[in-house]
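Participant: got a sequence here, can you build the structure:
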Amino acid sequence: MINNVIVLTKKSSLVINILWLVLLLSTSGCQLTQAPVIDSQYSHYYLWLKSLSSDELLKEANQQQQNISNDYFDAEVNLALLYALPNSPIYNPYTAKTQLNQLAQDPEKAVHITSAEFGFIMMMKDQLNQQILALNKLVLTEQKYQEQTLKLTGKNTELDELMTKIKKLKQQIKQLKNIEFDITG
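Facilitator: The predicted structure follows:
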């Protein structure tokens with residue numbers, strides 16, 4: 001009977017150890033798996049654009065415009081990215097932002113955008129907003145500079161005229177002193 005108890009104790013101990021092992025493996029399996037990384041094709045496209053020369057960028061812009069006329073959805077985003085690329089020969093942040101805004105307003109087109117791509121587009125719009133604000137600030141600063149330059153030019157002209165008048169007055173004073181000297185002399 002004691003042998004039977006020892007055998008049962010060993011069997012129950014083995015069962016408990018197996019249960020612990022199964023529990024441990026099942027929980028560790030959950031920790032080891034990761035959610036798949038969802039990537040944006042637009043971010044890859046943008047990085048590829050950065051590697052192109054000006055001529056290649058122009059060719060790509062023409063290709064994307066042709067793709068738009070063939071109703072390829074991604075072509076509109078791709079063209080907006082070309083407009084947003086600072087070294088692009090067609091760089092225009094205003095046009096890029098307008099195109100991205102139009103995409104966000106069209107629900108039929110928005111259905112085709114994944115959350116990663118939507119995040120990338122929103123980031124691009126934010127960056128374009130900052131560029132546009134900086135460009136507008138630059139334009140205002142240049143206008144103020146032009147105005148100040150014109151004012152300064154005007155002041156320099158006035159100064160030149162006053163200096164000419166002072167020179168003439170000094171000559172007149174000298175002539176009057178000579179006349180006075182001749183009269184009293």
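Participant: report the longest helix in this structure, please.
Facilitator: Looking across the chain with DSSP state H, the single longest helix is helix 115-184.
Participant: could you pull up the mean pLDDT of that one?
Facilitator: Summarised as a single mean, pLDDT over helix 115-184 is 92.
Participant: which residues touch P93?
Facilitator: P93 makes contact with Y83, A84, L128, Q131, I132, L135 under the criterion C-beta atoms under 8 Å, 6 or more residues apart in numbering. All C-beta atoms are positioned from the backbone trio N, CA, C, and that covers glycine.
Participant: and the residues you listed, which are buried?
Facilitator: Y83, A84, L128, Q131 (16 or more other C-beta atoms under 10 Å).
Participant: check which helix or strand the residue nearest to the second one when sequence neighbours are not counted maps to.
Facilitator: Going back to what we said before, that points to A84. In space, and not counting its chain neighbours, A84 is closest to A96: 3.9 Å by C-beta to C-beta, 6 or more residues apart in numbering. Counting by DSSP states H and E, the element that carries A96 is helix 93-105.
Participant: what comes up buried for that helix?
Facilitator: So, applying 16+ other C-beta under 10 Å, buried residues of helix 93-105: P93, T95, A96, K97, Q99, L100, L103.
Participant: if we can go back for a sec, quick check: the farthest pair among the buried ones among the contacts of P93?
Facilitator: Y83 and Q131 (11.1 Å; C-beta to C-beta).
Participant: hang on, the earlier thing: pretty sure the residue nearest to A84 sits against E76.
Facilitator: No: if you go by C-beta atoms under 8 Å, A96 and E76 don't touch, sitting 11.0 Å apart.
Participant: restricting to C-alpha, output stretch 44-62 in CSV.
Facilitator: This file holds the C-alpha atoms of stretch 44-62, laid out as CSV (Å, rounded to 0.1, in the frame of the first residue of the first chain):
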residue,chain,number,x,y,z
HIS,A,44,8.9,54.0,-49.1
TYR,A,45,7.9,56.0,-52.2
TYR,A,46,9.0,59.3,-50.7
LEU,A,47,12.4,57.8,-49.7
TRP,A,48,12.8,56.4,-53.2
LEU,A,49,12.0,59.9,-54.6
LYS,A,50,14.8,61.4,-52.5
SER,A,51,17.3,59.3,-54.3
LEU,A,52,16.3,60.5,-57.8
SER,A,53,18.0,63.3,-59.8
SER,A,54,16.0,66.3,-61.1
ASP,A,55,15.5,64.8,-64.5
GLU,A,56,14.3,61.5,-63.0
LEU,A,57,11.9,63.5,-60.8
LEU,A,58,10.5,65.3,-63.8
LYS,A,59,10.0,61.9,-65.5
GLU,A,60,8.3,60.5,-62.4
ALA,A,61,6.0,63.6,-62.2
ASN,A,62,5.0,63.1,-65.8
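Participant: need the contact partners of it.
Facilitator: Outside stretch 44-62, the residues touching it (C-beta under 8 Å, 6+ apart) are N78, L79, L81, L82, L85, N87, S88, P89, I90.
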